[in-house]
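> The amino acid sequence is not available; the structure is as follows:
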């Protein structure tokens with residue numbers, strides 16, 4: 001296998017993501033495993049990949065100033081080389097501009113021809129000479145375009161968020177989307193305690209701090225490959241963001257109860273529910289994708305959970321099999337994922353407004369089917385990892401308008417009281433809350449709790 005330098009590896013990953021639709025975290029992980037770069041290069045590759053994805057439409061706006069023809073018309077490899085080159089020139093102060101230009105030209109020689117090599121050289125040197133004169137629109141004067149380019153988000157999304165959150169909170173949200181997210185893990189208290197896990201991790205050279213809200217959460221400091229730790233292999237923890245962990249607490253199923261996790265893969269929430277139940281009772285973990293059953297089984301086995309039954313089934317037709325049977329149901333619905341942009345920055349470029357509406361309809365269908373499976377007096381929690389009203393509170397409102405037997409139930413007894421004083425989650429006493437990256441330092445997550453009053 002021909003050895004590649006750091007920029008060559010980053011280019012390959014970005015090509016896979018931008019041109020072939022790969023997920024950034026998976027494509028990057030595979031490339032690092034394949035090429036085994038030095039530690040210092042791993043950091044640079046990661047920065048180049050995620051940084052380029054985070055700032056993509058700002059980069060493209062800049063390139064539009066210096067290209068005679070549309071960027072979309074260029075050969076894909078050359079387009080990607082230009083994007084990585086501009087990212088280095090504009091955003092990486094420690095990278096000499098000459099190195100960014102020269103190394104990009106070298107890559108163009110590998111993937112292009114004399115004409116495209118000349119193009120890359122000319123455009124990047126032009127950007128270098130004129131970068132001080134690149135005046136982005138002022139968000140105060142043009143809120144949508146200004147925020148979209150300053151924080152590199154699609155204009156349609158910025159416009160939507162401004163209508164839902166206002167300009168100031170939208171700018172804060174977009175800024176947070178470009179920050180490095182916390183690396184959170186959930187202690188598996190079937191095997192250990194949070195304090196014990198903290199000591200065990202310290203023994204493996206990993207520093208950690210307690211989470212802000214969830215009693216099982218630890219935030220890992222300065223260490224990325226948590227899956228390689230002996231503590232992980234031993235099932236002492238699950239990688240899970242704090243907001244996601246709070247979903248289990250919102251449901252709080254009782255030991256011995258019958259629980260359905262309607263959209264369960266890869267099993268993080270199912271295994272947490274099992275922990276909350278003391279590994280006593282029954283959990284049916286449903287997912288529509290057969291290949292994901294293996295993930296659920298593997299995580300259950302690693303964590304020592306024995307009450308989970310993985311099942312291939314369409315959550316939108318859950319009532320055809322389990323009508324009126326479940327004590328507790330979790331619907332962690334398929335969504336746009338716009339609450340986890342920090343972790344997968346390419347998500348923002350892959351969504352369109354029409355998709356949000358389609359997801360709303362699917363979410364409502366799944367929620368309606370799941371509700372028919374809740375026994376009288378039972379509880380249903382609806383959650384997503386997104387921050388759009390259409391996928392969250394609008395789904396709940398529409399559902400309640402057609403299902404008078406259900407009512408929102410306060411989350412105050414299940415989630416920390418401190419949340420009631422924070423924007424987004426100041427509604428938890430009314431039965432729902434919206435976690436926001438810039439407010440809660442978690443992924444963007446919506447959680448609601450419903451009870452069958454019949």
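Cool, the structure landed. These figures come from a predicted structure and were not determined experimentally.

> and the strand or helix carrying residue 44, what other elements does it pack with?
Counting by DSSP states H and E, the element that carries residue 44 is helix 39-54. In this structure, helix 39-54 makes packing contacts with helix 6-20, helix 24-35, helix 76-91, judged by 3 or more Cβ pairs under 8 Å, 6 or more residues apart in numbering; DSSP states H and E. Where C-beta positions appear, they are placed from N, C-alpha and C, glycine not excepted.

> what do you get if the cut-off is 10 Å, keeping everything else the same?
Secondary-structure packing of helix 39-54 (3 or more Cβ pairs under 10 Å, 6 or more residues apart in numbering; DSSP states H and E): helix 6-20, helix 24-35, helix 56-66, helix 76-91, helix 347-350.

> Helix, strand, or coil at the closest residue to residue 180 other than its chain neighbours?
Nearest non-adjacent residue to residue 180, counting by Cβ to Cβ, 6 or more residues apart in numbering: residue 342, 7.2 Å away. Assigned by DSSP: H, G, I helix; E, B strand; the rest coil, the conformation of residue 342 is coil.

> burial of residue 342, as a residue count?
21 (other Cβ atoms under 10 Å).

> Quick one: residues contacting it.
Neighbouring residues of residue 342 by Cβ atoms under 10 Å, 6 or more residues apart in numbering: 50, 54, 176-182, 241, 437, 442-444.

> any idea how far residue 24 is from residue 155?
From residue 24 across to residue 155, the span is 22 Å (Cβ to Cβ, to the nearest Å).

> Neighbour count for the two, which is higher?
residue 24 (22 against 13).

> mind checking pLDDT for the more buried one?
What the model reports as pLDDT for residue 24 is 96.

> now residue 111, nearest residue through space, not along the chain?
Closest to residue 111 by Cβ to Cβ, 6+ apart is residue 77, at 3.8 Å.

> Same check on residue 398?
residue 364 (5.8 Å).

> before we move on, what about residue 31?
residue 13 (4.9 Å).

> what's that neighbour in contact with, if anything?
22, 24, 26-32, 45-46, 48-50, 52-53, 80 are the contacts of residue 13 under Cβ under 10 Å, 6+ apart.

> again with residue 341
53-54, 153, 157, 173-174, 176-178, 181, 347-349, 351, 386-387, 437, 443-444.

> ok, the closest residue in space to it that isn't next to it in sequence - how many residues close by?
Leaving aside its sequence neighbours, residue 341 sits nearest to residue 177 (Cβ to Cβ, 6+ apart; 4.3 Å). Residue 177 has 26 neighbours, counted by other Cβ under 10 Å.

> Look up how far residue 451 lies from residue 177.
For residue 177, the distance to residue 451 - Cβ to Cβ - is 34 Å.

> Could you list the domains of the chain?
6-133, 143-177, 183-239, 242-452 (automatic domain parsing).

> Could you tell me the average pLDDT over the last one, please?
This means domain 242-452. 97.

> Partner strands of the strand of greatest length in the chain, with direction?
Ordering each strand of the chain by length in residues (DSSP state E) puts strand 374-384 first. According to DSSP bridges, strand 374-384 has the following sheet partners: strand 326-332 (parallel), strand 445-452 (antiparallel).

> could you dump the ones you listed to TSV with distance to residue 316 and mean neighbour count?
Output for the strands paired with strand 374-384, formatted as TSV (distance: least, Cβ to Cβ, whole Å; neighbours: other Cβ atoms under 10 Å):
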stretch	distance to residue 316	mean neighbour count
strand 326-332	11	26
strand 445-452	18	25
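
> What's the separation between residue 164 and residue 388?
Using Cβ to Cβ, residue 164 is found at 7 Å from residue 388.

> Pick out whichever of these two has more residues nearby.
residue 388 (25 against 17).

> check contacts around the residue nearest the centre of the chain.
Centroid check for the chain by Cα atoms, centre = their mean gives residue 340 as the closest residue, at 2.5 Å. Counting by Cβ under 10 Å, 6+ apart, residue 340 makes contact with 177, 181, 241, 243-244, 347, 385-387, 437, 443-445.
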